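Peer 1: What follows is a predicted protein model with its sequence.
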Amino acid sequence: MLWIILVFIAVSLIWISIRSMARKREEKRLLTEFASRVRSRPEVIDTGEVTKSEDNGWILNPKSTFPITVYGVDEDVAKRIKEMLDRGLSDDIYRVAENISSLVARYKIRCKEVDEYIKTFKPIYLRKIEEQIKEYPNWEELSDEERKELISKFRSNAILSLEVRPYCDIEVLFGGDALASPIYDALIEKYGYDAIKYYLRRKNRGDIVSNENEFSSFIEEIKDLDLFYEEMSLYWQYIEEVSFLIAHTYMMSAYATRDYRDFKKFRRSELTEKWKLINANDENVCPYCRSLKDKNFSFEDYPKVPLHIGCRCVVTSVIREKQ
């Protein structure tokens, strides 16, 4: 009789182990499947036609889980941007962002969701920097070089204190949004985005004012060339960050929209019991997203991602345990 019981226990343990391994394999498969969909999806996901917003902007993806609204362009340009983003769903996200950055620069495109983030969190960021300056002993006695080094550290600390942090260079995002000026617009209009970007990326600033190019007519009017170069470079980095946030959030919401559509279509599943949020699990995850890591949602309460502009969180299923 004893050996029968021992055999039964052994078989039960083996069965439980096999079931646990199967669940882990299935969850890994689902995560791998989602990752592959994020990297490449050949079909165009229906996120809706470009629609005019109440405040005269253009919503690029009105059916999406996270609508993106742009200002400063007409409907044709807005449709052009959407087409570039849709074509890029199976492309590298950085290449897509670079493709739309020329339009963002040329038309001084503003993104409502990016602007709202800056409006909300930049004052918190600046206040945190000021607090650190006031608390630092003998600040007034420090040299300019020492202050500059500390300010860089204070900025990093201020960014880390923010509850919501999009996946981008936040320091550039906060520092470049107010730098646009008529001279930048004139440069773009006369020489084009690609030409200016090329010269700004050159290591030798003298190339910008050499006789071999036409920039000298503009530079002659600038008293502080170093300051101009620094600000112009920062402004261009800002353009690239905004372009990246638009592309990244558009693409992540497109994939999420497709998954949400499939959920509503099939509704029931013998395999899935509930849903949970997972994030990138690295040092760039913001406190808000980290607080929701592995949070479970009922099967009917499908969570919508992205949670904010530049969010990298995704939804995965929790495998139902067999009774």
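Peer 2: Okay, I see it.
Peer 1: what comes up buried for stretch 279-294?
Peer 2: Neighbour-count burial for stretch 279-294 flags N279, V285, C286, C289, L292 (criterion: 16 or more other Cβ atoms under 10 Å). Just so you know, the C-beta spots here come from the backbone N, C-alpha and C atoms, and that holds for glycine as well.
Peer 1: Stretch 299-313 now?
Peer 2: Neighbour-count burial for stretch 299-313, with 16+ other Cβ under 10 Å as criterion, is recorded at F299, Y302, P303, V305, P306, L307, H308, I309, G310, C311, R312, C313.
Peer 1: quick one: average pLDDT of the helix or strand containing S101?
Peer 2: Using DSSP states H and E, S101 maps to helix 93-106. Averaging pLDDT along helix 93-106 gives 90.
Peer 1: what does stretch 129-144 give?
Peer 2: Stretch 129-144 carries an average pLDDT of 92.
Peer 1: Secondary structure element holding H308?
Peer 2: Using DSSP H and E, H308 falls outside every helix and strand.
Peer 1: who's in contact with it?
Peer 2: By Cβ atoms under 8 Å, 6 or more residues apart in numbering, the contact set of H308 is Y117, V164, P166, C286, Y288.
Peer 1: So what does it have for phi and psi?
Peer 2: phi -160, psi 170 (degrees, to the nearest 10).
Peer 1: didn't I159 look like it was pressed against I170?
Peer 2: Yes. At 5.0 Å, I159 counts as touching I170 under the criterion of Cβ atoms under 8 Å.
Peer 1: Now for the two: what residues contact both?
Peer 2: Counting by Cβ under 8 Å, 6+ apart, the common neighbours of I159 and I170 are Y125.
Peer 1: Looking at these two now, which is surrounded by more residues?
Peer 2: Set I159 next to I170 and count neighbours by other Cβ atoms under 10 Å: I170 wins out with 24 against 19.
Peer 1: pLDDT score assigned to that one?
Peer 2: Per-residue pLDDT puts I170 at 95.
Peer 1: shouldn't it be in contact with S161?
Peer 2: No. Look at I170 against S161 with Cβ under 8 Å: they stay out of range, at 11.2 Å.
Peer 1: Secondary structure class of W275, three-state.
Peer 2: Here W275 is strand, with the state taken from DSSP: H, G, I helix; E, B strand; the rest coil.
Peer 1: quick one: contacts for it?
Peer 2: With contact set as Cβ under 8 Å, 6+ apart, W275 has these partners: N296, F297, S298, F299, D301, Y302, P303, V315, T316, S317, V318.
Peer 1: The same query, at a cut-off of 10 Å, please.
Peer 2: By Cβ atoms under 10 Å, 6 or more residues apart in numbering, W275 lies in contact with 263, 295-303, 315-318.
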